[in-house]
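Visitor: Pasting the sequence and the predicted model now:
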Amino acid sequence: MSKVFKKTSGNGTIALHLGKRDFVDNVDSVEIVEGVVKVDPSGLKDRKVFVYLACAFRYGSDSLDVMGLSFRRDIWMQRVQVYPPTGGSVTKSPMLESLLKKVGEQGHAFSFQMPPNLPCSVSLHPGPRDSGKACGVDFEIKAYIANAPDNPDEVIEKKDTCRLMIRKIQFAPATNKAGPKVNITKQFMMSDKTMHLDVSLEKEVYYHGDPITVKVKVNNETNKTVKKIKVSVDQFTNVVLYSSDTYSKEVCAQEFGETINATSTFEKSFQVTPLLSNNKEKRGLGVDGRLKDEDTNLASTTLSQGDKEMHGIIISYKVKVTLTVSSGGLLGGFTGSDAVVELPVILMSPKPAEVSDITIKTVDGRDSQ
């Protein structure tokens, strides 16, 4: 069932209508953002009506916005004039036709085509005592009444605006490839033999909430003993704004009391499940963007074409397998070490089934932002 999302300006002169608020990024292209603005000309006073779509990075909470300073940077923005009509035509999809029919003669259509190199909607998980909007990347559609589209000297009052937040999202690819495989050879102090470690994943992509199966094979030719095996998942958040900074946080870790004796072999599969519910206290963790207070999950892996520069927040994950190795004798742990292997994993949501029947339900409200 599809809804019509509607937001009316404080003076009631304009109303923004959208058929959906989630727009899918297919890596090489993004769904067209389209909607309708209902305009009552009697309240314009010879002014015009514009609509913009903006992708922005917020790097401070609302409480920090003081003295006219905003901790927000626009990454991309596009504006169009919807009233009076400029003579340009908008390709009308079935959803846009339905919106125009519902709104009536005062409806004016608009559409935006986002470039594929924009980031997806991602928030940085706030701490327990944080308030206001979370830091992260968001997308906003705003309709407003003005004399000019972008005149810094023109004051636009809140009662002359209405806005709706939308999301740019990616879903897991339709086909899943075989998972990555990494093998290393580890040399230890005071041992002329080596340890061979092979780690592989069953598949390349895992859905949020599904266990990740990690296969571990060890050929221990040394005189060392493996005391335990730790399997963890790390989230890497690359914030590309004025510079590029990468942060990592462990989102899942489990230790297994497996012992691998000297001059022996070992093979076993382990399962770990990274969940946001187990990381609620971790400030700055990347989570998928959400609208209002709905449930969300760990941020999905960012898929890109690779050859285009992307600003905002880029998310990736790695599975790490750590073998804690020790040796006996007088030197004890001084001659031991850890054998560590990392390999990439993609965490995403599956693409939902297409909805064929459209039932329109209005969600109304005046803009209070």
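Guide: Structure received. Nothing here was measured: the structure is a model prediction, and the numbers come from that model.
Visitor: where does the protein have low pLDDT?
Guide: For the chain, the stretches flagged by pLDDT under 70 are 1-2, 60-70, 127-133, 242, 291-294, 305-308, 327-336, 354-369.
Visitor: So for the spatially most central residue of the chain, what's the nearest residue that isn't a sequence neighbour?
Guide: Nearest to the mean C-alpha position of the chain, by CA atoms, centre = their mean, lies residue 122 at 3.7 Å. Leaving aside its sequence neighbours, residue 122 sits nearest to residue 313 (CB to CB, 6 or more residues apart in numbering; 4.5 Å). Backbone N, C-alpha and C define where each C-beta goes, glycine included.
Visitor: repeat for residue 285
Guide: Nearest one to residue 285, counting by CB to CB, 6+ apart, is residue 125 at 4.1 Å.
Visitor: Tell me how many other residues surround that neighbour.
Guide: Using other CB atoms under 10 Å, residue 125 has 22 other residues around it.
Visitor: I'd like the distance from it to residue 241, if you could.
Guide: From residue 125 across to residue 241, the span is 18 Å (CB to CB, to the nearest Å).
Visitor: go on, residue 18?
Guide: Applying CB to CB to residue 18 and residue 241 gives a distance of 28 Å.
Visitor: thinking again about what came up before, what residues does the residue nearest to the centre of the chain make contact with?
Guide: Residue 122 makes contacts with 136, 137, 286, 287, 288, 289, 299, 312, 313, 315, as judged by CB atoms under 8 Å, 6 or more residues apart in numbering.
Visitor: got a markdown table for those, with distance to residue 104 too?
Guide: Output for the contacts of residue 122, formatted as a markdown table (distance: CB to CB, whole Å):
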| residue | distance to residue 104 |
| --- | --- |
| 136 | 37 |
| 137 | 35 |
| 286 | 42 |
| 287 | 39 |
| 288 | 36 |
| 289 | 32 |
| 299 | 40 |
| 312 | 38 |
| 313 | 40 |
| 315 | 42 |
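Visitor: In a markdown table: those, plus secondary structure and neighbour count.
Guide: Below are the contacts of residue 122 laid out as a markdown table (DSSP: H, G, I helix; E, B strand; the rest coil; neighbours: other CB atoms under 10 Å):
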| residue | secondary structure | neighbour count |
| --- | --- | --- |
| 136 | strand | 25 |
| 137 | strand | 24 |
| 286 | strand | 27 |
| 287 | strand | 21 |
| 288 | strand | 23 |
| 289 | coil | 25 |
| 299 | coil | 30 |
| 312 | strand | 24 |
| 313 | strand | 24 |
| 315 | strand | 21 |
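Visitor: now, among the residues you listed, which is nearest to residue 93?
Guide: Among those, residue 289 lies closest to residue 93 (CB to CB), at 23.8 Å.
Visitor: from what I can see the closest one touches residue 137, true?
Guide: Yes: using CB atoms under 8 Å, residue 289 is in contact with residue 137, at 7.0 Å.
Visitor: Common neighbours of these two, please.
Guide: Taking CB under 8 Å, 6+ apart as the criterion, residue 289 and residue 137 both touch 120, 121, 122, 123.
Visitor: among those, which are in strands?
Guide: Applying DSSP state E to the shared contacts of residue 289 and residue 137, the entries found in strands are 122, 123.
Visitor: Closest one to residue 11 out of the contacts of residue 122, please.
Guide: Closest to residue 11, out of all of the contacts of residue 122 and judged by CB to CB, is residue 289, at 29.9 Å.
Visitor: quick one: contacts for the closest one?
Guide: Residue 289 sits next to 120, 121, 122, 123, 136, 137, 138, 167, 169, 296 when contact means CB under 8 Å, 6+ apart.
Visitor: If we use 6 Å, what do you get?
Guide: For residue 289, the contact set (CB atoms under 6 Å, 6 or more residues apart in numbering) comprises 121, 122, 123, 167.
Visitor: Just the closest of the contacts of residue 122 to residue 28, please.
Guide: Among those, residue 312 lies closest to residue 28 (CB to CB), at 18.2 Å.
Visitor: Quick check: beta-bridge partners of that closest one?
Guide: Beta-bridge partners of residue 312, counted by DSSP bridges, are residue 240.
Visitor: can you start the count at 10 instead of 1 from here on
Guide: Renumbered: residue one is now 10, and that last one reads residue 321.
Visitor: surely it meets residue 128?
Guide: Yes: Residue 321 lies in contact with residue 128 (CB atoms under 6 Å); the separation is 3.0 Å.
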